[in-house]
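1. turn this into a model:
(chains A and B)
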Amino acid sequence: MAKSKILMTGNEAIALGAIDAGCRFYAGYPITPQNELTAFMAKNMPKAGGVFIQAESELAAVNMVLGASAAGARAMTSSSSPGISLKQEGISYIAGCRLPAVIVNVMRGGPGLGNIMPAQSDYFQATRSGGHGDYHCLVLAPYSVQEAYDFMFKAFALADKYRNPVMILGDGMLGQMMEPLQLSDNRKTGNQKPKTKIWMLTGCRGRKPNVVKSFYLQEGDLEKFNLTLQKEYRLIRQNEQLYEGIFLKDAKIIIVAYGTMARIAKGAVKKLRKAGKKIGLIRPISLWPFPGNIFRRLAASPKRLSFLVVEMSYGQMIEDVLLSLNGKSPVEFLGRSGGGIPSEEEIINKIKILMK
Amino acid sequence: MKKIFSYPKSLKNVPTHYCPGCGHGIAHRLVAEIVDELGIREKVIAVAPVGCAVVAYDYWDFDCCEAAHGRAAAVATGIKRARPGNIVFTYQGDGDLAAIGTNETIHAANRGENISIVFINNAVYGMTGGQLAPTTLLGQKTATTPEGRKAGSEGFPLKISEMLARLPAVKYIERVSLHSPQEVIKAKKAIKQAFLNQVNNLGFSLVEVLSACPTYWDMPAKNALDWIRDVMSKEFPLGRIK
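-> Residues are numbered from 1 along each chain as shown, chains lettered A, B, ... in the order given. Next comes the predicted model:
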């Protein structure tokens, strides 16, 4: 018998996915367009035996998550662009303290207060180090309500595996839209006792005291620590690149888009294929590490290829595409932000111009 | 023969980085003695501040967590809510708690978080070189008030303890001082009460500790203690506030 599906928004799916993945600590602060996530957590986290706190600020929320994570809880916070800017202090400390945590950014228009329309203009902030210091978040970009739910399992697993913050980078469109959702077979329900980790703060019963910190004052210590981080990041770059590719074999032009933008681009690719145009799509799923390997592989092939990067920004991910291709293939760009979203038609028209 | 006094188990036997005459060493020791006396060393999780006491975890011998400047009460909230069976306290200076961390402090108190806070008030930023603190006295010279604090431009010394005492969820607030042996004994009693309140699940407790900073008060250590007695404690009266 086919399993039944439930209908929910992307924001709710992220919250449910987190709870089902064993998250038992959530602290957040209201901001549009992610309020459904916080409300879902307020209602359902206590039922799962977890902690919900509406914090006094984004700063407090992310630092509560730091504390809960240090104490061994699967912990997360969420916000939208201006709130994520405020959380950067805490994210830097979480990375510096080598703590697992998940941060969800349901992106909206910026800079400043911007607006509440969907956007992808926080790509730089998410994939570089948004706060101070030489660190990275792992960044996953779901493009459907199903992925919004599924990626929470992956996000918490990666956070634990690398003791590093993981960011889910969605946007207002994904957060607000409703789709049918298939629940996982591995739902973690009821109380989740934190798994014992050697670095956790539990009180020093039967062991030497643990200290969770990011402060290395003695000469050479911080450099040593940063090299440890870099070693982890190399492993992450090797092992965690994720993308979806369609029609790559015979494509002459490959569209590159992620998240909601990839959803629209996929529609355009299907229409162009029907019209006999050899167009493919690469949808980066991990934005950090960026799936550069597939670009390098494609660029090394003898056939002439070009790329069209489409973003709900004025060109941020395109820098990673350019870096990956290293000048070996031409790269075009189509982007809008601040409320404008490139449409299927705009993508198709751009492709037609490029094919002339 | 009966042993009546020994070095606290919760305090590492190492020299501290604190200046001569600084109150932090005494306050650290009081906390360590209290943790030992209450038998909670294996349950305690401390949250260290940013400020002179940033490396308090190098001196205490129990679990400790760092917090960004001012965020200790939020970090402690996260720890305590995740592990309600542990004893969680923050140790913060005046800049950390009453300037950059005012919001976190007030809201943790207003939620009635079952945590204990040791608040060291020395009326100045120590770690960064003696700048104006929210608790700097009127007329007091600092690196950023070279002519002395003026109410017209820098406002008045912030009485965060009195402010917090107005909140219904706050259980216990007391202001103590380290300027004489008698006062140190009273300080220990108050800090112990703050920990006991948490052990008994009574809610948010804070002890403000007036503590000397001879270096940035530009005084010999003895004069600094007298200054607390004669001047600072007039602005910040000692005793139970709530």
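
2. show the pLDDT at A:M1.
-> At A:M1, the model reports a pLDDT of 50.

3. can you pull the contacts of the residue of the stretch 251-356 of chain A found nearest chain B?
-> Across the stretch 251-356 of chain A, the shortest distance to chain B (C-beta to the nearest C-beta) belongs to A:W288, at 22.8 Å. Placement of C-beta: from N, CA and C, glycine included. Applying C-beta atoms under 8 Å, 6 or more residues apart in numbering or on different chains, we find A:W288 in contact with A:A126, A:T127, A:H136, A:C137, A:L138, A:V139.

4. doesn't the last one lie inside a strand?
-> Yes: using DSSP: H, G, I helix; E, B strand; the rest coil, the assignment for A:V139 is a strand.

5. residue contacts, it?
-> A:V139 sits next to A:A126, A:T127, A:V166, A:M167, A:I168, A:L169, A:S286, A:L287, A:W288 when contact means C-beta under 8 Å, 6+ apart.

6. helix or strand for the fourth one, which one?
-> Using DSSP states H and E, the element containing A:M167 is strand A:165-171.

7. quick one, phi psi at A:M312?
-> As for A:M312, its main-chain torsions (degrees, to the nearest 10) stand at phi -90, psi 50.

8. tell me how many other residues surround it.
-> 30 (other C-beta atoms under 10 Å in any protein chain shown).

9. who's in contact with it?
-> By C-beta under 8 Å, 6+ apart, the neighbours of A:M312 are A:118-121, A:171, A:260-261, A:335-337, A:340-342.

10. go with 7 Å
-> Residues near A:M312 by C-beta atoms under 7 Å, 6 or more residues apart in numbering or on different chains: A:P118, A:A119, A:Q120, A:D171, A:T260, A:M261, A:G335, A:R336, A:S337, A:I341.

11. I'd say the second one and A:P111 touch.
-> No: contact status for A:A119 versus A:P111: not in contact, 10.4 Å apart, counting by C-beta atoms under 7 Å.

12. when the two are compared, which one has more neighbours?
-> Relative neighbour count places A:A119 above the other of A:A119 and A:P111, with 28 against 10, counting by other C-beta under 10 Å.

13. so the residue of chain A positioned farthest from its centre: helix, strand or coil?
-> Ranked by distance from the centre of chain A (C-alpha atoms, centre = their mean), the top residue is A:G206, with 38.4 Å. Following three-state DSSP, the label given to A:G206 is coil.

14. just to revisit the earlier point, hmm, the strand holding A:M167 in reach of chain B?
-> No: using C-beta under 7 Å from any C-beta of the partner chain, strand A:165-171 never reaches chain B; the gap is at least 14.2 Å.

15. let me know the next secondary structure element after that strand.
-> Of the helices and strands lying after strand A:165-171 in sequence (DSSP H and E), the nearest is helix A:172-176.

16. other residues contacting that following helix?
-> So helix A:172-176 is contacted by A:9-11, A:33-34, A:106-108, A:116-118, A:142, A:148, A:259-260 (C-beta under 7 Å, 6+ apart).

17. next, the buried residues of it.
-> Under the neighbour-count criterion of 16 or more other C-beta atoms under 10 Å in any protein chain shown, helix A:172-176 has A:G172, A:M173, A:L174, A:G175, A:Q176 buried.
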